[in-house]
Every structure is written in C-alpha cells, then in structure tokens.
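# here is the input, now give the coordinates:
(one chain, ligands or ions: 2)
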Amino acid sequence: MADSSPCTAMVCRCNSNVCQLRLDFQSFDIAQPNSDERLAARAVQRTQCLDATFTATSRSGNPPVICGTNSGYHMILEADANCNRLNFDWFENAPRQWRILITQVPCNSPNKAPEGCTQYFTGIMGTVESYNFQGGTHLANQDYLNCVRTELGFCQIEWSHSPLEGDFSISADKPGGSSGDNCSLDYVGILGGFLPGNDPFNNPNNDRFCGSGLMSRTSTITSTISSIQVPFGLRFVTDLGETDDVDDLQGGFKLNYMQIPC
Ligand SMILES: [Ca+2]
Ligand SMILES: [Ca+2]
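Residues are numbered from 1 along each chain as shown. Ligands and ions are numbered 1, 2, ... in the order given. Next up, the predicted model:
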C-alpha cells in the first residue's frame, strides 16, 4: 500500500448474497491515542485518536474509530451494496503497520453475526478485550457491541475477569467498581445482567459497570455477572475524553465468558 497518508481501500462484495465483511487484524499497530497529562493543552482530548486513525464504513451505522495496537482483534461490517471503505490516516512519521484478512460472509452463513455486532465470538468460553487493550489505554468515543453466539444447548452467559490489576479499568471510581446508573460516561454494558443467585428478570442496576472491577454497587469484591438475554452481548461505551481527577489512564477490559447449559 502507498506510504503516504491516507491509505484507502474499497472492499466490494463479490455477489449479492454477501451480508457482512469480517476484518481480522492479523497485525495492527498505529499511533497510540493521546495521553497528554491532565493539565496539558490537549488534555480534554485524552484517549482520542489524534495521531492516527482507522475508520471503516458499514451499511448500518459505522463502527468506532480506532487506533493503537489491535493485533488479533477483529471488526465486522455490514456489507454495503456500493462497497465499504477502509481508511488509515496518520501524521508524518507516526508508526504504521497492519495486515488485515478480509472475509466476505454470506447472508445464510452460521458464522454471520447478528446485525449491529462489531465483534462476534463463538465457542462456549472465550475472552473479549476492548480495542487497544494491548496498547494499555482504552479509546475515547466508543460505543459498540461485542456479541457471543449462543451455542446449541446453552442458555446463559457468565462474565468475569482475572484478579490481575488492570483487567478491568474503565473509570476512576477507586477503589473498586460501580454499577447501574452510577456509570454514565465510560462503562461496560452487560445486556440483561444479574448477580449470581438473583432473579434474572428482577435484578436492576446490574447492566452497566465502571471503575476498576466488575462488581455490584453494594460490594467491594469482584463478581461474576450473568445474563440470559440473547444475543449475548457486551457493550462498551466511552465519552469524548478523560476528565477524571487522576493521572493514570485506564486500560479498558479483558473479560472472560463462559456459557452455561440449559
Ligand atoms: Ca475512562
Ligand atoms: Ca472517558
């Protein structure tokens, strides 16, 4: 590809029975988001992708703009009848390396994600990381769904994270985490979430999580969060920057899931 910014590719479906494009980032390393200190001139734009961006178009709402290190992650686009546009932008001398495997997914494929899912995971257990988790900083201006295929004979999903510091680091509610309507700027949404042992239909305020641990608002101990709502999904929402009164930037999340038999 050309070595001057921008680098644009149009991806056109090979026939009308292609519904989605799956982009697998075999390698993806471009400039990290802005990490300026809280009092610097650009501080209001902390964690925004200022020095490089990857953008893609999708027929039903565009996926988030990303930057940083995203090797091994993927992104799903709803295929447009008039081709989808992939675009890398960067400032001079910013690092840039990528290798993307593009798969055209037929409309009737069992591997096709429900519409609206930016990432799609299969299998009864797995791990989901936020974009640029490897780079150490979550990104601003995100709002996307990570979906998990409900495997045959399974009715429930459980989300949890390791006790390692940093595997859930969304906002500055320290120590510990927060949930429900306490989380309004940056948060992980677990659609239909409920605490272990509780009524899945009547356990309000466990559908959004922020802070530095996945837990209920009445606890200081991390918890597994379950859901029976399909498609199984994890939403990630961040606002336009980081104004928290701390110097540390948060890393995002690395969450494990396990499906539970019916
Ligand atoms: Ca944050
Ligand atoms: Ca934020």
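
# what's the burial count for the residue in the stretch 101-250 of the chain positioned nearest to ligand 1?
Nearest residue of the stretch 101-250 of the chain to ligand 1: residue 186, at 3.8 Å (Cβ to the ion). The way it works is simple: take the backbone N, C-alpha and C, and place the C-beta from them, glycine included. Neighbourhood size, residue 186 [other Cβ atoms under 10 Å]: 25.

# over to residue 99?
Neighbour count of residue 99, defined by other Cβ under 10 Å: 11.

# repeat that for residue 218.
Other residues lying near residue 218 total 8 when counted by other Cβ under 10 Å.

# measure it to residue 179 for me?
Separation of residue 218 from residue 179 (Cβ to Cβ, to the nearest Å) stands at 9 Å.

# likewise residue 78?
For residue 78, the distance to residue 179 equals 31 Å [Cβ to Cβ].

# more neighbours: which of the two?
For residue 78 versus residue 179, the count of surrounding residues by other Cβ under 10 Å is larger for residue 179: 27 against 20.

# bridging residues for the more buried one?
Bridge pairing for residue 179 (DSSP bridges) gives the partners residue 209.

# and it, what pLDDT?
Per-residue confidence (pLDDT) for residue 179: 88.

# isn't it up against residue 206?
Yes - because the distance of 5.8 Å satisfies Cβ atoms under 8 Å, residue 179 is recorded as touching residue 206.

# quick check: neighbours shared by those two?
Common neighbours of residue 179 and residue 206, counting by Cβ atoms under 8 Å, 6 or more residues apart in numbering, are residue 216.

# show me where the stretch 151-262 of the chain has helices.
When secondary structure is read from DSSP state H, counting those that start in this stretch, the stretch 151-262 of the chain shows no helices.

# near ligand 1, which residues of it?
Selection of the stretch 151-262 of the chain residues close to ligand 1 by Cβ under 5 Å from the ion yields 171, 186, 250.

# can you narrow these to ones near ligand 2?
Taking Cβ under 5 Å from the ion as the test, ligand 2 is in contact with residue 186 out of those.

# with respect to ligand 2, which of the residues of the stretch 151-262 of the chain next to ligand 1 is nearest?
Nearest to ligand 2 among those is residue 186, at 4.2 Å by Cβ to the ion.

# just give the closest residue to residue 204, not the sequence neighbours.
Spatial nearest neighbour of residue 204, chain neighbours left out: residue 180 (7.1 Å); criterion: Cβ to Cβ, 6 or more residues apart in numbering.
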